[in-house]
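Q: here is a sequence with its predicted model. Questions after.
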Amino acid sequence: MSKIDTFVIVPTYNEADNLDDLLMQLLHLPVNLGVIIVDDNSPDGTGDLADQWAGNYPERVHVIHRPGKMGLGTAYIAGFKAGLYELEAQRLMTMDADFSHNPRYIPDMIALSVQKHVVIGSRYVPGGGSLHCTWKRIWLSKIANMVARTLLGLKAKDATAGFRLYRREVLVSIPLDQIFSSGYSFLVEMLFLCQRRGWQIGEVPIVFEDRRKGKTKISRQEIFKAQYTVLRLFARRLRRGEPRRPSVPISSS
């Protein structure tokens, strides 16, 4: 097998019911990719299950164990650092473990990354949508996107999506240790930083599905944190704290 240059980062907490199916689907996609599982000491044994997969597929499955729940954003950063500096990845993707992000869209996202620096699996472009979600969740998502796009000037239609691909040069350009957000609002902050640096952002339509097994991790506290993040970044935008740069041409890698 040729060198793996694309890795999918999957944060987990109590995802033992989903992990086997997810890894099986990821490893059988018609693209050469690996997986970085970042487990926050799941009581249900998700971390042990991940270790079994890593033992069977040592080149393709890698596991990061953390002592407890430390936030989605910090899990992604841990995965980014491992992918960039230990595995020498050229592309790093983020997705949920609960099948709300279906692996079948990954080949299209990788294909678009030849033209774009950041690729979003988007609910809000033609062909995208949501399935089995409550009206409250859909309403909350649309409001959050509208507020983030309006206040922060974000051009992506799905600014809060967690299903993303970042090219290596994008992540290297961002001071990951200085990102303030740790929860779901990390996604908005990352997109803000990518756009302000001029990286080209594209979107692939997906159908977002409500989780099949387990419980949602979004709490009321996370919603308040997201509101604070948007207001903080809005103030930063007003004082031009993150200088806008011209669009960066796509590299040849």
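A: Looks like it arrived, so ask away.

Q: for the rest of this, base every contact and every neighbour count on C-alpha atoms.
A: Will do.

Q: what is the mean pLDDT for the host helix or strand of residue 20?
A: In this assignment (DSSP states H and E), residue 20 forms part of helix 16-27. The average pLDDT within helix 16-27 is 97.

Q: helices and strands around the following helix or strand past it, which ones?
A: Downstream of helix 16-27, the next assigned helix or strand under DSSP H and E is strand 33-39. Packing contacts for strand 33-39, counted by 3 or more CA pairs under 8 Å, 6 or more residues apart in numbering; DSSP states H and E, involve strand 6-12, helix 16-27, helix 46-56, strand 61-65, helix 72-81.

Q: most neighbours per residue, which of the ones you listed?
A: strand 6-12 (a mean of 26; mean count of other CA atoms under 10 Å).

Q: follow-up on the earlier one: got the angle for the helix holding residue 20 vs strand 61-65?
A: 140 degrees (axes from the mean of the first three to the mean of the last three CA atoms, to 10 degrees).

Q: centre of the chain to helix 16-27, how far?
A: 17 Å (CA atoms, centre = their mean, to the nearest Å).

Q: tilt between that helix and strand 6-12?
A: 180 degrees.

Q: so how far is residue 56 from the residue most central in space within the chain?
A: The structure's the chain has its C-alpha centroid closest to residue 94; by CA atoms, centre = their mean the separation is 3.1 Å. Applying CA to CA, to the nearest Å, the value for residue 94 to residue 56 is 22 Å.

Q: same thing with residue 233?
A: 43 Å.

Q: cool, and residue 104?
A: Separation of residue 104 from residue 56 (CA to CA) stands at 23 Å.

Q: lowest-pLDDT helix or strand in the chain?
A: Every helix and strand in the chain was compared by mean pLDDT, DSSP states H and E; the lowest is helix 220-238, with a mean of 71.

Q: what about the stretch 51-200 of the chain, any weak spots by pLDDT?
A: For the stretch 51-200 of the chain, no stretch is flagged by pLDDT under 70.

Q: great, nothing more from me.
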